[in-house]
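> Below: sequence and its predicted model.
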Amino acid sequence: MSDVLNRLADVLEQRKQAEPDSSYVARLYAKGLDAILKKIGEEATETVMAAKDGQPDKLVYEVADLWFHSLVLLAQQDLHPDAVLAELDRRFGLSGLEEKAARGRQ
Ligand SMILES: N=c1c2ncn([C@@H]3O[C@H](COP(=O)(O)OP(=O)(O)OP(=O)(O)O)[C@@H](O)[C@H]3O)c2ncn1[C@@H]1O[C@H](COP(=O)(O)O)[C@@H](O)[C@H]1O
């Protein structure tokens, strides 16, 4: 299951060579950074609304949309999801308060 991030990252990388007419992701790349950021804002809002409405199935669906568009942003910025997983892994060994203190020192 967790391999899905790697497989999706590979597809998102391949879409950089695709024609906008042939792919949703290629079309987003062609529209540029602001269009990707707008989609992330929309999906974040839809996620909040699904949670507030108490709709678990809709919440999962909207979080998937949010994660997907975040992966598109990472790819557009030439970043791999492994970088985010490594950051989460680094934080996993810390308590929330230790992580907060580390941020204060940055
Ligand atoms: N996981 C996804 C995925 N999740 C969501 N979406 C698209 O993200 C959009 C979500 O936006 P909305 O909910 O606002 O729906 P919408 O109104 O249709 O959005 P707009 O097209 O108007 O922006 C929809 O168009 C969905 O089809 C996705 N499109 C693609 N993928 C994956 O990305 C791969 C590459 O996609 P293509 O580039 O399209 O082949 C696919 O094989 C999938 O694995």
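Now that the structure is in, tell me what you want to look at.
> Could you measure from the residue nearest to the spatial centre of the chain over to the ligand?
The geometric centre of the chain, computed from its C-alpha atoms, lies nearest to S70 (Cα atoms, centre = their mean), at 2.1 Å. Distance, S70 to the ligand, by Cβ to the nearest ligand atom, to the nearest Å: 11 Å. Quick note: C-beta positions are derived from backbone N, CA and C, even for glycine.
> And L88, by the same measure?
Computed as Cβ to the nearest ligand atom, the L88 to the ligand distance reads 20 Å.
> Look up the pLDDT of that residue for me, please.
pLDDT for L88: 94.
> just to revisit the earlier point, find the helix or strand that the residue nearest to the centre of the chain is a member of.
Assigned by DSSP states H and E, S70 falls within helix 56-76.
> Alpha carbons only: can I get whichever helix or strand comes after that helix in PDB?
Using DSSP H and E, the helix or strand that follows helix 56-76 in sequence is helix 81-92. C-alpha atoms of helix 81-92 as PDB (Å, rounded to 0.1, in the frame of the first residue of the first chain):
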ATOM      1  CA  PRO A  81       7.600  12.500  -1.400                       C
ATOM      2  CA  ASP A  82      10.500  10.600   0.300                       C
ATOM      3  CA  ALA A  83      11.700  14.000   1.500                       C
ATOM      4  CA  VAL A  84       8.400  14.500   3.400                       C
ATOM      5  CA  LEU A  85       8.400  11.000   4.700                       C
ATOM      6  CA  ALA A  86      12.000  11.500   5.900                       C
ATOM      7  CA  GLU A  87      11.000  14.700   7.700                       C
ATOM      8  CA  LEU A  88       8.000  12.900   9.400                       C
ATOM      9  CA  ASP A  89      10.400  10.000  10.300                       C
ATOM     10  CA  ARG A  90      12.800  12.500  11.900                       C
ATOM     11  CA  ARG A  91      10.000  14.000  13.900                       C
ATOM     12  CA  PHE A  92       8.700  10.600  15.000                       C
END
